[in-house]
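just need the structure, nothing else, for what follows:
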Amino acid sequence: ESFVPGLGIARPEFLTMLIIGVVFFGIFTVVSGPLAEKFGRPKILIGVTAGILVFGAGWTLMFGPGKGAAMAG
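Alright, predicted model coming up:
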């Protein structure tokens, strides 16, 4: 089995995580338009920016403990 340098996750597992991420990205892209129309673009942009900041702050924790934390990330 091949190895992804630096992460220690096998290629099939990494590709599975990648596919799951792409599916969620697609779903939230479709959902974000109606939400922006309902609540207003500025509120959505501020909320997404806050979410990105929280995600970025926890980024190093996601890859430290093991595969479960990486999947949650």
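
summarise which helices and strands the helix or strand where Thr49 lies is packed against.
Thr49 is part of helix 41-57 when elements are defined by DSSP states H and E. On a contact count with 3 or more CB pairs under 8 Å, 6 or more residues apart in numbering; DSSP states H and E, helix 41-57 meets helix 11-39. Placement of C-beta: from N, CA and C, glycine included.

next, the angle from the helix it packs on to helix 41-57.
Helix 11-39 runs at 150 degrees relative to helix 41-57, counting by axes from the mean of the first three to the mean of the last three CA atoms, to 10 degrees.

quick one on the thing from earlier: output the helix holding Thr49 in PDB with nothing but the alpha carbons.
Extracted in PDB, the C-alpha atoms of helix 41-57 (Å, rounded to 0.1, in the frame of the first residue of the first chain):
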ATOM      1  CA  ARG A  41     -24.800  38.000   2.300                       C
ATOM      2  CA  PRO A  42     -22.900  40.000   4.900                       C
ATOM      3  CA  LYS A  43     -24.200  37.800   7.800                       C
ATOM      4  CA  ILE A  44     -23.300  34.600   5.900                       C
ATOM      5  CA  LEU A  45     -19.800  35.900   5.000                       C
ATOM      6  CA  ILE A  46     -19.100  36.900   8.600                       C
ATOM      7  CA  GLY A  47     -20.300  33.500   9.800                       C
ATOM      8  CA  VAL A  48     -18.200  31.700   7.300                       C
ATOM      9  CA  THR A  49     -15.200  33.800   8.100                       C
ATOM     10  CA  ALA A  50     -15.600  33.000  11.800                       C
ATOM     11  CA  GLY A  51     -15.900  29.300  11.000                       C
ATOM     12  CA  ILE A  52     -12.700  29.400   8.900                       C
ATOM     13  CA  LEU A  53     -10.900  31.100  11.800                       C
ATOM     14  CA  VAL A  54     -12.100  28.400  14.300                       C
ATOM     15  CA  PHE A  55     -11.200  25.700  11.800                       C
ATOM     16  CA  GLY A  56      -7.700  27.200  11.300                       C
ATOM     17  CA  ALA A  57      -7.100  27.500  15.000                       C
END
